[in-house]
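Asks: compute the structure for the input listed below.
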Amino acid sequence: MRYRTRLTAPAAALLGTAAATTLAPAAHAASGGTSGTASVKDAAAPGPETLGDPVYPSLGNDGYRVDAYHLDLAYDATTKLVDGTATLRIRTTQDLSRLSLDALGLDIRSVRVGGRAATYELVDEKLRITPSRTLPAQTRTTICVEYGADPRRALTHTAWVPTTDGFAVCPQPNSAHTVFPCNDHPVDKADFTFRITVPSTLRGVASGTLVRTETLDGDRTAYSYRSRSPIATELVQITVGDYVVKDRQGPNGLPLRDVVPVARAEALEPALALTPGLVTWLEQRLGAYPFETYGLLPCNSDDPAAFDFTGLETQTLTLYKPNYLLQAERFIGSHMMHELVHSYFGNSVSPGTWADLWLNEGHADFYGLLYRYERGWTDSLGLTTMEARMKNTYARGDQWRRTSGPVAAPNEANLFDSQRYLGGVLVLYALREFVGEATFGAIERTFLDRYRNASATTENYISVASEIAGQDLSGFLRDWLYGTTTPRMPNHPDWTVTPVTTSLVAPQNRTAGHHDNSATL
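Replies: Predicted structure coming up:
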């Protein structure tokens with residue numbers, strides 16, 4: 001049978017008094033239809049159903065921001081369905097007669113705003129909500145949506161990864177709203193708590209730290225998690241399965257936790273044991289790890305099509321294809337570093353728009369390749385130094401700009417191709433060559449510190465680079481990021497760009513959701 005869930009203590013702590021907030025009657029008096037009431041009503045309008053992202057123009061919603069989510073999910077192992085309640089604490093930025101959330105493939109059962117029943121409709125990938133009373137600007141209130149979900153439902157795109165014993169989720173870039181209704185854009189990061197109810201033979205795990213375990217009737221267990229830092233919706237992880245949680249000590253007291261299929265735990269241990277050394281190496285370059293914990297989640301599935309990448313940087317818990325991690329260190333260490341770097345670039349500092357993805361992937365590949373070459377491991381081209389790999393990439397520059405656009409100007413079709421990965425590495429390499437290694441390191445740390453737990457754009461990075469370098473780098477970096485031809489490489493006047501021809505191979509393009517184009521693989 002399917003079990004309904006209830007609002008728990010962690011949710012109440014998250015939502016506070018806002019959970020019971022209703023709109024102030026003085027501001028919405030209905031008696032007599034006074035001119036003041038009429039003017040408020042006339043001024044109110046539906047919130048925009050987009051945040052204007054250049055890559056995903058229909059994604060996200062405006063007129064409000066989300067301060068916090070509480071997700072209460074119950075998994076039925078017999079039906080393999082999920083019952084969910086998503087409670088959002090929001091603050092309005094304008095008078096709203098209607099607002100919307102992103103939602104796809106969810107069976108909506110009820111919606112309440114400020115504790116009052118609201119009308120709603122699903123249109124395309126939007127859940128349009130009309131509260132019983134207009135929401136004034138600068139109001140804090142809650143939205144509570146009860147719904148059902150089928151992780152195996154066929155959709156145009158989905159974050160669900162069904163497994164034989166449960167599921168995991170891979171929301172990046174635009175699919176979190178197939179798991180829970182949300183403002184699905186990385187610019188609107190929020191606090192998260194989770195309560196996951198499962199049969200007692202299984203375990204529920206989510207981003208953040210375990211704060212409560214409840215034994216329930218019907219041989220069920222509820223696991224509650226809280227994230228100490230805000231999360232972008234595309235980085236949420238929720239998983240259910242026959243898992244064991246393996247805890248170990250990381251550098252400087254960092255707690256590490258891996259969520260591992262019980263049957264694979266022993267075989268995966270050599271890969272899991274690499275994490276402390278990876279963290280130590282990266283902290284020496286980028287500073288202290290930014291979250292309360294880190295670990296790996298080898299998803300309990302051998303289906304090669306279970307998800308279309310090797311690893312995904314969901315916050316505090318990187319999702320992996322399990323068989324990939326069974327290889328020797330020289331084959332996996334570089335990409336494990338790539339995914340760890342995303343804790344800094346992508347998670348702690350999220351992209352302001354999806355056109356800024358190169359900040360995530362370029363940095364992850366940059367440090368992942370440095371780690372590889374320091375250890376003397378050859379890359380996929382048989383090269384053993386960053387200089388050799390960058391010379392090879394530089395030669396392809398004009399061709400990639402022709403077939404894939406400039407590094408910082410992607411579209412939906414080519415968002416996750418090699419231009420955002422290796423092309424981004426080339427930009428960072430050029431910057432380091434131009435300003436020197438010490439200044440480059442200072443730029444990186446300043447950028448991470450200034451935009452920690454927030455979102456940042458390419459222009460933000462250019463501004464920080466110029467400030468730290470003590471010179472205007474906007475022309476230099478914009479040529480590298482937006483130019484249609486490849487600039488001269490500092491300190492390497494002998495490097496040449498291969499002329500564009502139709503016979504040259506274009507960078508790998510994302511097809512059917514594929515974005516496994518990291519140079520660290």
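
Asks: tell me the buried residues in stretch 252-266?
Replies: 254, 256-261, 264 (16 or more other C-beta atoms under 10 Å). Heads up, the C-betas are built off the backbone N, CA and C, glycines and all.

Asks: just the C-alpha atoms of it, please, in PDB.
Replies: Presented in PDB, the C-alpha positions along stretch 252-266 are these (Å, rounded to 0.1, in the frame of the first residue of the first chain):
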ATOM      1  CA  ASN A 252      41.100  18.700   8.800                       C
ATOM      2  CA  GLY A 253      38.200  16.800  10.400                       C
ATOM      3  CA  LEU A 254      35.900  16.800   7.400                       C
ATOM      4  CA  PRO A 255      33.400  14.000   7.700                       C
ATOM      5  CA  LEU A 256      33.200  11.800   4.600                       C
ATOM      6  CA  ARG A 257      30.200   9.500   3.900                       C
ATOM      7  CA  ASP A 258      29.800   7.200   1.000                       C
ATOM      8  CA  VAL A 259      26.400   5.600   0.200                       C
ATOM      9  CA  VAL A 260      27.200   2.300  -1.300                       C
ATOM     10  CA  PRO A 261      25.100  -0.700  -2.500                       C
ATOM     11  CA  VAL A 262      25.500  -3.400   0.100                       C
ATOM     12  CA  ALA A 263      26.400  -6.000  -2.400                       C
ATOM     13  CA  ARG A 264      29.100  -3.800  -3.900                       C
ATOM     14  CA  ALA A 265      30.600  -2.300  -0.800                       C
ATOM     15  CA  GLU A 266      33.800  -4.500  -0.700                       C
END
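
Asks: out of the buried residues of stretch 252-266, which sit inside helices?
Replies: Taking DSSP state H, every one of these sits outside helices.

Asks: now, the residues you listed that are in strands?
Replies: Using DSSP state E, the subset of the buried residues of stretch 252-266 located in strands is 256-261.

Asks: give me the element L88 is part of.
Replies: strand 81-92 (DSSP states H and E).

Asks: list the neighbouring strands of that strand plus their orientation.
Replies: strand 64-76 (antiparallel), strand 140-149 (antiparallel) (DSSP bridges).

Asks: which one of the ones you listed is the most hemmed in?
Replies: Highest mean neighbour count of the strands paired with strand 81-92: strand 64-76, a mean of 22 (counted as mean count of other C-beta atoms under 10 Å).

Asks: before we move on, back to that, ok, the buried residues of stretch 252-266 vs D191, which is closest?
Replies: R257 (20.0 Å; C-beta to C-beta).

Asks: ok, so what distance separates that closest one from T215?
Replies: 21 Å (C-beta to C-beta, to the nearest Å).

Asks: ditto for A159
Replies: Distance of A159 to T215, given as C-beta to C-beta: 29 Å.

Asks: and P406, by the same measure?
Replies: P406 is 56 Å from T215, by C-beta to C-beta.

Asks: check Y223 too.
Replies: Taking C-beta to C-beta, one finds Y223 at 11 Å from T215.

Asks: more crowded one of these two?
Replies: Between Y223 and T215, Y223 has the larger neighbour count (other C-beta atoms under 10 Å), namely 20 against 9.

Asks: ignoring the adjacent residues along the chain, who's closest to the spatially most central residue of the chain?
Replies: For the chain, the residue nearest the mean C-alpha position is L235 (2.8 Å; C-alpha atoms, centre = their mean). Leaving out its chain neighbours, the residue that sits closest to L235 by C-beta to C-beta, 6 or more residues apart in numbering is Q315, at 4.3 Å.

Asks: what's the burial count for the one you found?
Replies: That count, for Q315 with other C-beta under 10 Å as the rule, works out to 28.

Asks: how about the one 3 residues further on?
Replies: A count of nearby residues for T318, using other C-beta under 10 Å, gives 24.

Asks: quick one, what contacts it?
Replies: Neighbouring residues of T318 by C-beta atoms under 8 Å, 6 or more residues apart in numbering: 294-297, 311-312, 339-340, 342.

Asks: quick check, nearest of those residues to Y394?
Replies: H342 (24.9 Å).

Asks: my guess is the closest one meets A364, correct?
Replies: Yes - counting by C-beta atoms under 8 Å, H342 touches A364, with 5.3 Å between them.

Asks: got the buried residues for stretch 83-98?
Replies: Buried, per 16+ other C-beta under 10 Å, within stretch 83-98: 83-90, 92, 94-98.

Asks: hey, where'd the strands end up in the stretch 51-200 of the chain?
Replies: In the stretch 51-200 of the chain, the strands defined using DSSP state E, counting those that start in this stretch lie at 64-76, 81-92, 96-102, 107-113, 116-117, 119-123, 126-130, 140-149, 160-163, 166-169, 191-199.

Asks: now these in JSON lines, with distance to V244 and mean pLDDT?
Replies: As requested, the strands of the stretch 51-200 of the chain are arranged in JSON lines below (distance: least, C-beta to C-beta, whole Å; pLDDT from 0 to 100):
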{"stretch": "strand 64-76", "distance to V244": "18", "mean pLDDT": "98"}
{"stretch": "strand 81-92", "distance to V244": "22", "mean pLDDT": "98"}
{"stretch": "strand 96-102", "distance to V244": "34", "mean pLDDT": "98"}
{"stretch": "strand 107-113", "distance to V244": "32", "mean pLDDT": "98"}
{"stretch": "strand 116-117", "distance to V244": "43", "mean pLDDT": "98"}
{"stretch": "strand 119-123", "distance to V244": "39", "mean pLDDT": "98"}
{"stretch": "strand 126-130", "distance to V244": "37", "mean pLDDT": "98"}
{"stretch": "strand 140-149", "distance to V244": "26", "mean pLDDT": "98"}
{"stretch": "strand 160-163", "distance to V244": "15", "mean pLDDT": "96"}
{"stretch": "strand 166-169", "distance to V244": "14", "mean pLDDT": "98"}
{"stretch": "strand 191-199", "distance to V244": "14", "mean pLDDT": "98"}
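
Asks: out of those, nearest to D242?
Replies: Of all those, strand 166-169 sits nearest to D242, with 7.8 Å by C-beta to C-beta.

Asks: report all helices and strands that that closest one contacts.
Replies: strand 160-163, strand 238-241 (3 or more C-beta pairs under 8 Å, 6 or more residues apart in numbering; DSSP states H and E).

Asks: want to throw these into CSV with mean neighbour count and distance to A74?
Replies: Shown next, in CSV, are the helices and strands packed on strand 166-169 (neighbours: other C-beta atoms under 10 Å; distance: least, C-beta to C-beta, whole Å):
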stretch, mean neighbour count, distance to A74
strand 160-163, 20, 15
strand 238-241, 26, 10
